[in-house]
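Asks: Just the structure for this:
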Amino acid sequence: MSRRDNLTTLEHPCKRFLEWRSSEECFQEYDKEKQEKICNPLPMEFVLLDVLFTLKGFNENDAQGIYSNEVRDVKTDSFTVKQGSGLQVAQGLYSDIKANVQNLGASFHFSLYCCDLEGNLFNIKVKPYQDKENPSNDSKLNFFKFKSKNDVVDYTIIIDETINLKKGAVLYKAPAFKKGNKIKDDSMIEIAYDVLQDYLTYYFKGDSEVETVIESNQENEDLPDWIQNG
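Replies: The predicted structure is shown next:
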């Protein structure tokens, strides 16, 4: 099989998809072999390969998950938002569909493509949390702000603590990012990066057969103002 034939039928390079679960204070993933959800307790250390953006959530009225494509630039790239088995419920720039998708139960997520030091790829989806009582924590809670203040190329990222937050009467915990250790050998990381970018190249072309992963999320969180001004 030629390289072109091989790359136009790509499987998703990530076999693990993690999401934060406040009640468990862990990153949860679905184990296909065990057919059950498992928790990855803190601490967690990883290398960042790429950052995309997506919309996801849960429509409580219809009891169905909501999900979208992933984009690189929320100001210029269009989201296609679907529900359940594929019913399209919104399409357009985030600024144009924000109110609609939030009313449906979807929220903004970072899609962090990561690997460990051995080059094993995985994906983390996490919201841009805010600490309204202590805004100084936002540089640890909001990955966009964390990335702008830290070297995420030459250093790993560590999550080993949580921050207590409050929304109305609801108390919950959010993961806190911090700068990790200096990367001494990036040979396996560079291989993982190349594999990921091969996949994303064809994903963004939109005319090839690439595997996408559909997940639902029953939490709901409004998008903070930084995305409008960033």
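Asks: Cys14 is in contact with Cys115, isn't it?
Replies: No - Cys14 is beyond contact range of Cys115, at 9.1 Å (criterion: CB atoms under 8 Å). For glycine as for every other residue, the C-beta is placed from the backbone atoms N, C-alpha and C.
Asks: Pull up the overlap in contacts between these two.
Replies: Leu121, Phe122 (CB atoms under 8 Å, 6 or more residues apart in numbering).
Asks: how about Val101, secondary structure?
Replies: Secondary structure, DSSP: H, G, I helix; E, B strand; the rest coil: Val101 is helix.
Asks: what's the distance between it and Arg21?
Replies: According to CB to CB, to the nearest Å, Val101 and Arg21 sit 22 Å apart.
Asks: who's more crowded, these two?
Replies: Val101 (23 against 16; other CB atoms under 10 Å).
Asks: Could you check how far Leu117 is from Asp185?
Replies: As judged by CB to CB, Leu117 and Asp185 stand 8 Å apart.
Asks: So between those two, which is more surrounded?
Replies: Using other CB under 10 Å as the criterion, Leu117 and Asp185 rank with Leu117 on top: 16 against 7.
Asks: So the more buried one: helix, strand or coil?
Replies: Three-state call for Leu117 (three-state DSSP): coil.
Asks: show me the contacts for it.
Replies: Contacts of Leu117 (CB under 8 Å, 6+ apart): Val47, Thr156, Ile183, Asp185, Met188, Ile189.
Asks: repeat for Lys149
Replies: By CB under 8 Å, 6+ apart, the residues touching Lys149 are Ser139.
Asks: In contact with Leu200, which residues are there?
Replies: Counting by CB under 8 Å, 6+ apart, Leu200 touches Asp50, Leu52.
Asks: Can you give me the buried ones in the strand or helix carrying it?
Replies: Using DSSP states H and E, Leu200 sits in helix 187-205. Neighbour-count burial for helix 187-205 flags Ile189, Ala192, Tyr193, Val195, Leu196, Tyr199, Leu200, Tyr202, Tyr203 (criterion: 16 or more other CB atoms under 10 Å).
Asks: Flag the shaky bits of this structure, pLDDT-wise.
Replies: Segments of the chain classed as low confidence (criterion: pLDDT under 70) are 1-10, 207-230.
Asks: Tally up the residues packed near Ser23, please.
Replies: Neighbour count for Ser23, taken as other CB under 10 Å: 8.
Asks: so where do the helices sit in this protein?
Replies: 3-7, 94-104, 138-141, 143-149, 187-205, 226-229 (DSSP state H).
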